[in-house]
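*Asks:* Structure for this input, please:
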Amino acid sequence: MSEEQFYDFCKTNPDLRIERNAGGEIIVMPPAFSDAGNRNGRVFGQLYIWSEADGTGEAFDSSSGFTLSNSATRSPDAAWISSNRWNRLKPEEQASFAPIAPDFIVELRSSSDTLTNLQEKMAEYAANDVRLGLLIDRKNRQVHIYRPEQRPKILDNPELVNCEPEMPLFELKMAKIW
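*Replies:* Residues are numbered from 1 along each chain as shown. Here you go, the predicted model:
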């Protein structure tokens, strides 16, 4: 689907969780299971509280879609964009699938996700200007950290994930996410 067709498809099907890859292929995802939604809420809650205290950007939940520079439209489980970059977008761009890569994203692996698919998605984010990405793999109690032009770093069973320097003073507390 083209970008316009995808936008119309999403407006016609507001209850579906939909992404579009760089080739225009549509990916329909099942709703999150209750447990995954609860854990995702805990991730977003921590990000939101930090974002409000920090005051330099905007936090987005899992219902937000962004159009990356490779034309993929992705909806990470949590995202953050600096106000400086967000405010450069036109109001109509902000009201759609904003044509911007978040500065920071989190993907939380649910029971319906394969690790390989999420790793590919994370590599796509890093290749499309996301400065910091966290893939939380609850099944293996690992956090994969993605940055552009770097190999992913894997943390085994961390208590905290320090997100500096991209997110000053933001540490994701893992106890209630595991």
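*Asks:* ok, now which ones touch the residue most central in space within the chain?
*Replies:* Nearest to the mean C-alpha position of the chain, by CA atoms, centre = their mean, lies P76 at 2.5 Å. By CB atoms under 8 Å, 6 or more residues apart in numbering, the residues touching P76 are 60, 62, 64, 66, 102, 105-107, 125, 133. Every C-beta, even on glycine, is put in place using the N, C-alpha and C of the backbone.
*Asks:* so where do the strands sit in the chain?
*Replies:* Ranges of strands within the chain are 17-20, 26-29, 57-61, 66-67, 73-74, 78-82, 104-108, 132-137, 142-146, 153-156, 160-162, 171-173, based on DSSP state E.
*Asks:* Show me what the second one is packed against.
*Replies:* Secondary structure elements in contact with strand 26-29, counted by 3 or more CB pairs under 8 Å, 6 or more residues apart in numbering; DSSP states H and E, are strand 17-20.
*Asks:* Name the surrounding residues that touch the strand it packs on.
*Replies:* Contacts with strand 17-20, where a contact means CB under 8 Å, 6+ apart, come from 1, 6, 9-10, 26-32, 65, 71-75.
*Asks:* ditto for stretch 36-56
*Replies:* Stretch 36-56 is touched from outside by 32, 57-59, 61-62, 77-78, 80, 82-84, 104, 106, 108, 110-111, 136, 138, 167-170, 172-173, 176-177, with contacts defined as CB under 8 Å, 6+ apart.
*Asks:* Any chance of a ChimeraX selection covering the buried ones in those residues?
*Replies:* Applying 16 or more other CB atoms under 10 Å to these, the buried members can be selected in ChimeraX as follows:
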select :32,57,58,59,61,62,77,78,80,82,104,106,108,110,136,138,167,170,172,177
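*Asks:* Could you measure from L68 over to W80?
*Replies:* Distance of L68 to W80, given as CB to CB, to the nearest Å: 16 Å.
*Asks:* ugh, typo on my part, it should be Y146
*Replies:* Distance, Y146 to W80, by CB to CB: 15 Å.
*Asks:* quick revisit: quick one: which of the contacts of P76 is most hemmed in?
*Replies:* Highest neighbour count within the contacts of P76: P102, with 30 neighbours (other CB atoms under 10 Å).
*Asks:* so what's that residue up against?
*Replies:* Under the criterion of CB under 8 Å, 6+ apart, the neighbours of P102 are 60, 66, 76, 79-81, 130.
*Asks:* Recalculate using a threshold of 7 Å.
*Replies:* 66, 76, 79-81, 130 (CB atoms under 7 Å, 6 or more residues apart in numbering).
*Asks:* got it, and E124?
*Replies:* Counting by CB under 7 Å, 6+ apart, E124 makes contact with A72.
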